[in-house]
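In: any chance you could fold what I've pasted below:
(one chain, ligands or ions: 2)
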Amino acid sequence: MSVSGLCQVCESAEASHTCDQCGRAVCDQHHDDAFGLCLDCSAGAGGGNGSETGEEPGRGDTGDDVRF
Ligand SMILES: [Zn+2]
Ligand SMILES: [Zn+2]
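Out: Ligands and ions are numbered 1, 2, ... in the order given. So this is what the prediction gives:
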């Protein structure tokens, strides 16, 4: 597939990826390869920007218990 047009985040670089979630065309700088999402979506996915310090204190247990 080919993505033509400018990155819809910075609108200055040529888009080379498409966000899996919102479908926006984004450039390499605004695409998170780890998630396949644009940075806006990957930030909302709770992943952080590749750092392990994305956990916000006080937002841990919100009934989202996963038991294994
Ligand atoms: Zn961009
Ligand atoms: Zn997105």
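
In: where's residue 41, which helix or strand?
Out: Using DSSP states H and E, residue 41 maps to helix 39-44.

In: what comes up buried for that helix?
Out: 39-42 (16 or more other C-beta atoms under 10 Å). All C-beta atoms are positioned from the backbone trio N, CA, C, and that covers glycine.

In: in terms of secondary structure, what does that helix contact?
Out: strand 31-32 (3 or more C-beta pairs under 8 Å, 6 or more residues apart in numbering; DSSP states H and E).

In: is the strand it packs on in proximity to ligand 1?
Out: No: Strand 31-32 lies out of reach of ligand 1 by C-beta under 5 Å from the ion, never closer than 8.0 Å.

In: quick check: the gap between residue 27 and ligand 1.
Out: Applying C-beta to the ion, to the nearest Å, the value for residue 27 to ligand 1 is 4 Å.

In: same check on residue 20?
Out: Taking C-beta to the ion, one finds residue 20 at 16 Å from ligand 1.

In: please tell me the pLDDT value assigned to the residue nearest to that residue when sequence neighbours are not counted.
Out: Leaving aside its chain neighbours, residue 20 sits nearest to residue 36 (4.4 Å; criterion: C-beta to C-beta, 6 or more residues apart in numbering). Reading off the per-residue confidence, residue 36 sits at a pLDDT of 94.

In: next: residue 44.
Out: For residue 44, the model assigns a pLDDT of 80.

In: in the chain, where is pLDDT below threshold?
Out: Within the chain, the segments meeting pLDDT under 70 span 1-3, 45-62.
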